[in-house]
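[1] structure for this input, please:
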Amino acid sequence: MGLETFSSSWPVIRFDEIDSTNEEARRRASAGDLGPCWLVTAAQTAGRGRLGRQWSSPRGNLYVTVLLPFPGSLQEAALACFSAGLAVTDAARALGVDATQLKLKWPNDVLVGSAKLAGILIETGTLHGKLWMAAGFGVNVEVAPERADRVTTCLTAQPGGATATAPRLLAMLDISFRARLFQLLGEGFGSTREAWLAQAAGMGARIELTPASGRIEGIMAGLAEDGALIVRLDDGSETHVRAGEISVLG
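    The predicted structure is shown next:
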């Protein structure tokens with residue numbers, strides 16, 4: 001299965017409540033079902049984000065994972081988080097939301113100012129030598145969950161977003177994510193990279209990163225061709241960071 005995977009809408013499988021849509025995708029993949037399909041639920045009891053963090057899942061928001069046989073390489077699958085972030089902003093714009101304030105935080109959050117609107121968790125695996133992808137989206141549509149560790153917001157609080165609902169957003173996301181993956185695999189990372197940089201949060205700002213190798217502080221200078229964040233250090237040199245948590249300073 002090649003790029004034709006992205007030519008028509010993916011079926012939607014709905015749940016009222018489930019532990020985690022990404023966990024359901026893993027179960028299905030382990031059982032030999034690689035989709036493509038959207039797995040969407042009204043509520044999650046064990047939603048999770050990156051680095052094993054809990055994801056708050058009140059009703060009214062979008063919790064969905066698309067499971068698909070991925071026709072690209074593992075390296076391309078790693079870049080799909082940038083496609084996914086762009087797809088969220090594309091889908092919001094298609095609903096009539098003023099998306100000019102939506103920014104993309106490296107590597108895979110959607111922000112309004114410093115407030116988190118959406119998070120993305122992409123996982124991969126193989127079955128009989130075939131690569132599969134589970135791309136999970138958690139989007140605050142109607143509810144901004146109260147969090148002690150961060151500010152949050154929701155789509156209905158944005159200009160033009162008053163009528164946004166999770167089902168309407170999913171319908172637009174099905175279109176936009178298929179288009180963004182087609183762009184990534186059909187054109188290479190270059191055009192996706194340019195589009196992501198045009199919406200990047202914190203570009204040119206002083207940032208702090210905490211990768212496994214230790215704390216890094218510098219200026220957010222760009223995005224490398226492999227998806228690494230380019231940070232300009234105080235001595236003028238640049239370093240490429242491929243994993244870690246980012247915070248804007250000052």
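
[2] every contact and neighbour count from this point should use C-alpha atoms.
    OK.

[3] spatially central residue in this structure, please.
    Ile120 (3.1 Å; Cα atoms, centre = their mean).

[4] so which bits of the helix or strand encompassing that residue are buried?
    Applying DSSP states H and E as the criterion places Ile120 in strand 115-127. Going by neighbour count (16 or more other Cα atoms under 10 Å), the buried part of strand 115-127 is Ala115, Lys116, Leu117, Ala118, Gly119, Ile120, Leu121, Ile122, Glu123, Thr124, Gly125.

[5] wait, doesn't the residue nearest to the centre of the chain sit right on Asn140?
    No - using Cα atoms under 8 Å, Ile120 makes no contact with Asn140, being 11.8 Å away.

[6] picking that back up, can I get the buried residues of strand 115-127 in TSV including distance to Asp109 and pLDDT?
    Listed next are the buried residues of strand 115-127 as TSV, based on distance: Cα to Cα, whole Å; pLDDT from 0 to 100:
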residue	distance to Asp109	pLDDT
Ala115	10	96
Lys116	7	95
Leu117	8	96
Ala118	6	96
Gly119	5	94
Ile120	6	95
Leu121	9	94
Ile122	12	95
Glu123	15	95
Thr124	19	97
Gly125	22	97
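
[7] ok so, going back, so what secondary structure elements neighbour the strand holding Ile120?
    helix 74-94, strand 109-112, strand 130-139 (3 or more Cα pairs under 8 Å, 6 or more residues apart in numbering; DSSP states H and E).

[8] after the first one comes which helix or strand?
    Same thing as helix 74-94. Taking DSSP H and E, what comes next after helix 74-94 is strand 102-105.

[9] if I look at Lys116, how far off is Val64?
    17 Å (Cα to Cα, to the nearest Å).

[10] ditto for Ala201
    24 Å.

[11] of the two, which one has the most company?
    Set Ala201 next to Val64 and count neighbours by other Cα atoms under 10 Å: Val64 wins out with 26 against 23.

[12] which helix or strand contains the residue nearest to the more buried one when sequence neighbours are not counted?
    Among residues not flanking Val64 along the chain, Val40 sits closest, at 4.2 Å (Cα to Cα, 6 or more residues apart in numbering). Here Val40 sits within strand 37-44, counting by DSSP H and E.

[13] can you list the strands that the following helix or strand past that strand pairs with?
    Per DSSP H and E, the first helix or strand lying C-terminal to strand 37-44 is strand 62-69. In the sheet, strand 62-69 lines up against strand 37-44 (antiparallel), strand 130-139 (antiparallel) (DSSP bridges).

[14] what mean pLDDT does strand 62-69 get?
    The average pLDDT within strand 62-69 is 97.

[15] kindly report the same for stretch 135-154.
    pLDDT averaged over stretch 135-154 gives 92.

[16] which residues does it contact?
    With contacts defined as Cα atoms under 8 Å, 6 or more residues apart in numbering, stretch 135-154 is touched by 21-22, 55-67, 84, 112, 114-123, 155-157, 164-166.

[17] pLDDT weak spots in the protein?
    Low-confidence segments of the chain (pLDDT under 70): 1, 48-56, 250.

[18] how is it divided into domains?
    For the chain, automatic domain parsing gives the domain ranges 3-198, 206-248.

[19] quick one, which of these is packed in tightest?
    domain 3-198 (a mean of 19; mean count of other Cα atoms under 10 Å).

[20] who's the residue nearest to Val64 bridged to?
    Arg14, Val64.

[21] I'd say Pro211 and Glu245 touch.
    Yes - using Cα under 8 Å as the test, Pro211 is close enough to Glu245 to be in contact (6.7 Å).

[22] can you redo the helices and strands packed on strand 115-127 as JSON lines with distance to Glu146?
    Output for the helices and strands packed on strand 115-127, formatted as JSON lines (distance: least, Cα to Cα, whole Å):
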{"stretch": "helix 74-94", "distance to Glu146": "21"}
{"stretch": "strand 109-112", "distance to Glu146": "15"}
{"stretch": "strand 130-139", "distance to Glu146": "14"}
